[in-house]
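> sequence first, predicted model second:
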Amino acid sequence: MNVQEYIDSGVLHNYCVHALSEAERAEVEKMCASYPEVKEELLQMQESLEKFAAQTEMWQQAQVKETIWGTLENINKEKTGDLNDLPIINKYTDHNNWKRIVMPFMPQELKKDRIIKTIRASGGVTQMLIITKTDVEEETHKNERESFIILEGECECYVDNKVIHLEPGGFLEIPMHTKHNVKVLSPYVVAILQHIAV
């Protein structure tokens, strides 16, 4: 038997990831007992996979921790309501906090069909207060992620073939390269619209 061909065959990798039958596993263990170089290769492969698994676990833990801290930071920013340090809107956003934040920009009466007020444009993030009596035309975004949260009113969002009904507190993230438009169902809708450049 050519030992190097056996090592190169991939059977040791399959052993490490438990992709062999009991008989095949027994054959690998027999080869390890007979050929020290096969055993050495198997031990090195197991060690490499264990290191990779440990690094991946640490990376996943760090990513989860970062997500949790980011969410908590956003919640605190919403409560503070500092116009110079606005949070990113997401599915955990409290629309009541945002209503309070944008209160200074709300008109006494709605004289136009649509009002758009940019309240943040920094760090690749643009956030706008939108007050509209009219439907929002179909569009597609190629270089930015769009999301919005409804503060007042009701609407239906058409995203490809899906219809999503939103009321106050409703959050929607639009997939990139996807046609979408909005139909206003109430006398007007107040929303925070967010674009994040990619």
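That came in fine, so what should we check first?

> residues contacting stretch 94-108, please?
Residues outside stretch 94-108 that contact it (C-beta atoms under 8 Å, 6 or more residues apart in numbering): 75, 78-79, 81, 83, 86, 89, 115, 117, 119, 129, 131, 149-152, 168-169, 190, 192. For every residue, glycine as well, the C-beta is placed using N, CA and C.

> for that stretch, output the C-alpha coordinates as PDB.
What follows is stretch 94-108, C-alpha atoms only, in PDB (Å, rounded to 0.1, in the frame of the first residue of the first chain):
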ATOM      1  CA  ASP A  94     -39.000  51.800  20.300                       C
ATOM      2  CA  HIS A  95     -41.100  54.000  18.100                       C
ATOM      3  CA  ASN A  96     -42.300  56.100  21.100                       C
ATOM      4  CA  ASN A  97     -38.700  57.200  21.800                       C
ATOM      5  CA  TRP A  98     -38.300  58.200  18.200                       C
ATOM      6  CA  LYS A  99     -41.600  60.200  18.300                       C
ATOM      7  CA  ARG A 100     -40.200  62.100  21.200                       C
ATOM      8  CA  ILE A 101     -36.800  62.600  19.400                       C
ATOM      9  CA  VAL A 102     -38.500  64.100  16.200                       C
ATOM     10  CA  MET A 103     -41.100  66.100  18.000                       C
ATOM     11  CA  PRO A 104     -39.300  69.400  17.400                       C
ATOM     12  CA  PHE A 105     -39.500  68.700  13.600                       C
ATOM     13  CA  MET A 106     -43.200  67.900  13.500                       C
ATOM     14  CA  PRO A 107     -45.300  70.600  11.800                       C
ATOM     15  CA  GLN A 108     -48.400  72.000  13.500                       C
END
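
> and that stretch, average pLDDT?
Averaged over stretch 94-108, pLDDT sits at 92.

> check the offset of the longest helix belonging to the chain from the chain's centre.
Longest helix in the chain, counting residues (DSSP state H): helix 36-80. Relative to the chain's own centre, helix 36-80 is displaced by 18 Å; criterion: C-alpha atoms, centre = their mean, to the nearest Å.

> residue ranges of the strands in this structure, please?
Applying DSSP state E to the chain gives strands spanning 114-122, 125-132, 136-139, 144-152, 155-159, 162-166, 171-174, 180-184, 189-197.

> save these as CSV, and put in mean pLDDT and distance to K30 too.
As requested, these are exported to CSV (pLDDT from 0 to 100; distance: least, C-beta to C-beta, whole Å):
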stretch, mean pLDDT, distance to K30
strand 114-122, 95, 65
strand 125-132, 96, 61
strand 136-139, 93, 65
strand 144-152, 96, 55
strand 155-159, 96, 58
strand 162-166, 96, 57
strand 171-174, 96, 55
strand 180-184, 96, 61
strand 189-197, 96, 57
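
> any chance of these in CSV with distance to H13 as columns?
Converted to CSV, those look like this (distance: least, C-beta to C-beta, whole Å):
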stretch, distance to H13
strand 114-122, 48
strand 125-132, 44
strand 136-139, 48
strand 144-152, 38
strand 155-159, 42
strand 162-166, 42
strand 171-174, 39
strand 180-184, 45
strand 189-197, 40
